[in-house]
Structure formats: structure tokens, C-alpha cells
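[1] give me coordinates for this.
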Amino acid sequence: MGFPGTWMTESESVVYRVVPKCACSTIGQILYYSDHGEFFDGDIHDAQSGLHKWGIESSQALIQANVAGHKSYSFTCVRNPYTRILSSFFDKICGIQRNGRRYRGNLVPMLVQKYGVDVGGDGGTQDFDQIKSFRRFLLFVRDTIRWRRPMDPDIHWSATSGHVSTFIVNGGHYDKIMWTEKFNDGMAEVLSNIQTPHKVDLASIPRFNESEGHGPKRAHPVEDYFDDLSMHLMYEIYKRDFRLFKYDFENPANKLPIGEIDLDEIHAKLGD
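    Below is the predicted model:
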């Protein structure tokens, strides 16, 4: 299986396991900059050079050898399940993508027809009941994850722990798991543990939110989207994420972690 979703700088200063919707665009650009002294011109996910990626065949042997031998500092980044699933909804379901089309072609029309999800019309510009529509989307997410129907779960809403675990199961070891909500602290710790060809000044790094502007703005506080049933579904789907990454299931309004991540626990529980 190898190391899907794994990126590595060309200098092999650091290895990063990408988790969708967890600051991956900004992290990728920081890694690119740390090698080249400039940012990639475009969405870093589109870069086919300047950064080793498991999805690039010529990079696989280099990543495999590095990770198997734990030659470089390795890290990943996680996010509160409540804000991550909302971000996926507004970006991937309600938003028009970079190619000018809906995400995954017939996915949104199917959600409209089978689940009654409203996305603001064909162009995504009309007003709609965001809370009602999101809760119906959440039922669809549960169906994809629990029963793999009407489709397999998408990487943008499959559990963070699932992404994180493939790296461990296939022989990798994390030196750091950082929180999106404490990005500067986490990224500063990563950078302090590695030697890069170009120095990175975190204070001057822009945030590369490639999904911003794809969809409508969230009109309500996070907690308004989650009633008792929605919270029950969230726990059913993301229980391991809440527990392992120390997020507050009881209070959707609290996006910050409520404990420290235990790397030994994560390697033990996700390495089976």
C-alpha cells in the first residue's frame, strides 16, 4: 500500500502526511518554500515538481526508503471534527470548484435528489437554509462511512484518524501531530526540529486557503449546525478523532483541544 497522501521536501528535511481540510495547502507551501525560497505559483496540490509526493511515481521509492528508515522528522496536522465537516460541506458540496464545475460531477445532484440537500441553486448564489441542508448532508456522510453507500467516503470527510493511521500501519512513525487550531505553535515546533535550505519566517507566511471563496460563507456559529441528532451522528462517525486528538465532543462551540495528544497512544491504537 505504501504511503498515500505523504509529501516530502526534495532536500528530505521533513516528511508530512497530508490530511484534507487540515491546513494542508499552507503546510505544503511552507515545505516548498523551505527548499526553494519561494512559494509554488498555484495550488500546491497541483505541483508535480519541487516537492516529493506519493502520487508522483518517481517520488515513491525515495519516500518509501526515507519513511521506512525514519530518516527525517515526520509530522501531520489534525482539526476539530465539527469545523472540518462544516468546511467540507461549504467547500465541496455548496461550492463551485477551481475547474468551474461542481465537485465530483454528479455528486451534488444526487445529494439534492436523494437527501434533499440544498446548495443555493446551480451557481450556489441563492439563499438557502444552511442548517437544514448541512444536517441532511451529515446523514449522507454517515451512510458513506458506515455502509459505503451510495458511494465510498470521500477523503474530505473520511475520519482524520483513518488518514493518520495509514502512515503508521505501513511502517511510518510520527514525531509530531499538530492542531490546525494552534497552527503557529505546532509549525514552529516542526521547523525548530529540522534543517531547511531556506529559513522560514512563520510570522510573514500567508495562509493558503485554496477552498476559500468556493462556496457560501457560513452564516451561523458552529454550534448552531449541530442539534442532539447531529451530535449523535458526529460521535458515531468521528468518535476516534475526538478521543485521540483531544477535541471536545460535548461542546461544538469549543474548537480548541482539551488535552495533550499522546503519540504513544496514537501509534498503539492506529497501528493495528
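[2] ranges for the helices of the stretch 51-200 of the chain?
    Taking DSSP state H, counting those that start in this stretch as the test, the helices found in the stretch 51-200 of the chain are 57-68, 81-88, 107-115, 130-146, 160-169, 183-192.
[3] winner for burial among those?
    helix 81-88 (a mean of 22; mean count of other C-beta atoms under 10 Å). C-beta coordinates here come from the backbone N, C-alpha and C atoms, glycine included.
[4] tell me which strands and helices it is in contact with?
    For helix 81-88, the elements it packs on are helix 130-146, helix 228-244, judged by 3 or more C-beta pairs under 8 Å, 6 or more residues apart in numbering; DSSP states H and E.
[5] can you say which of those is nearest to residue 182?
    The closest of the helices and strands packed on helix 81-88 to residue 182 is helix 228-244. By C-beta to C-beta, the value is 16.3 Å.
[6] in that closest one, what counts as buried?
    Counting neighbours by 16 or more other C-beta atoms under 10 Å, one finds that the buried residues in helix 228-244 are 230-231, 233-234, 237-238, 240-242, 244.
[7] with stretch 191-210 instead?
    Within stretch 191-210, the residues that qualify as buried by neighbour count (16+ other C-beta under 10 Å) are 191, 194, 196, 200, 205, 208, 210.
[8] give me the element the closest residue to the fifth one other than its chain neighbours is part of.
    The reference is to residue 205. Closest residue in space to residue 205, ignoring its immediate chain neighbours: residue 30 at 6.1 Å, by C-beta to C-beta, 6 or more residues apart in numbering. For residue 30, the host element (DSSP states H and E) is helix 24-36.
[9] thinking again about what came up before, in TSV, list the buried residues of helix 228-244 along with pLDDT and distance to residue 10.
    As requested, these are exported to TSV (pLDDT from 0 to 100; distance: C-beta to C-beta, whole Å):
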residue	pLDDT	distance to residue 10
230	98	43
231	98	44
233	98	42
234	98	39
237	97	37
238	98	35
240	98	34
241	98	32
242	98	36
244	98	31
